[in-house]
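Novice: Return atomic coordinates for the entry below.
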Amino acid sequence: AEAANLKARAEVLLALSQRVRSWNISQEAAATRLGITRPRMNDLLQGKLGKFSLDALVNLATAAGLRLEIRIADAA
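Specialist: Got it, this is the predicted structure:
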């Protein structure tokens, strides 16, 4: 279960950081757009996965205009 959570967080963090970088704006402006502090934005862009819960990342991704899909399958 922990590995699945880590994988999900990593995927959302990667998509989110790519979206933020595509805006070509300052960290301060991006943080304001997402409703977080600049230090928190820096953590996100530095890929500090341990500082973000899956719930927080989902909320930020939604605020960034990303749509998330969850697929559930039987374990192999």
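Novice: alpha carbons only for contacts and neighbour counts from here, please
Specialist: Fine.
Novice: Helices of the chain, start to end?
Specialist: 2-22, 27-34, 38-45, 54-63 (DSSP state H).
Novice: pLDDT at residue 6, what is it?
Specialist: pLDDT for residue 6: 96.
Novice: so how many other residues sit close to it?
Specialist: Counted with other C-alpha atoms under 10 Å, the neighbours of residue 6 add up to 14.
Novice: For the remainder of this discussion, apply numbering that starts at 35.
Specialist: Yep, numbering from 35; the last one is residue 40 now.
Novice: if I look at it, how far off is residue 66?
Specialist: 26 Å (C-alpha to C-alpha, to the nearest Å).
Novice: now the residue positioned nearest the centre of the chain: how far from residue 39?
Specialist: In the chain, the centroid-proximal residue (C-alpha atoms, centre = their mean) is residue 47; its distance is 3.3 Å. Taking C-alpha to C-alpha as the measure, residue 47 falls 12 Å from residue 39.
Novice: per-residue pLDDT, residue 71?
Specialist: The per-residue pLDDT of residue 71 was computed as 98.
Novice: now the one 5 residues further on
Specialist: pLDDT, the model's per-residue confidence, is 97 for residue 76.
Novice: So it sits against residue 61, correct?
Specialist: Yes. Contact criterion C-alpha atoms under 8 Å: residue 76 and residue 61 qualify, at 7.1 Å.
Novice: For those two, indicate the residue with more neighbours.
Specialist: residue 61 (18 against 14).
Novice: wait, that one sits on residue 72?
Specialist: Yes. Look at residue 61 against residue 72 with C-alpha under 8 Å: they come within range, at 6.1 Å.
Novice: Tell me which of the helices of the chain lies nearest to residue 110.
Specialist: Closest approach to residue 110 among the helices of the chain (C-alpha to C-alpha): helix 36-56, 13.6 Å.
Novice: Cool, thanks, signing off.
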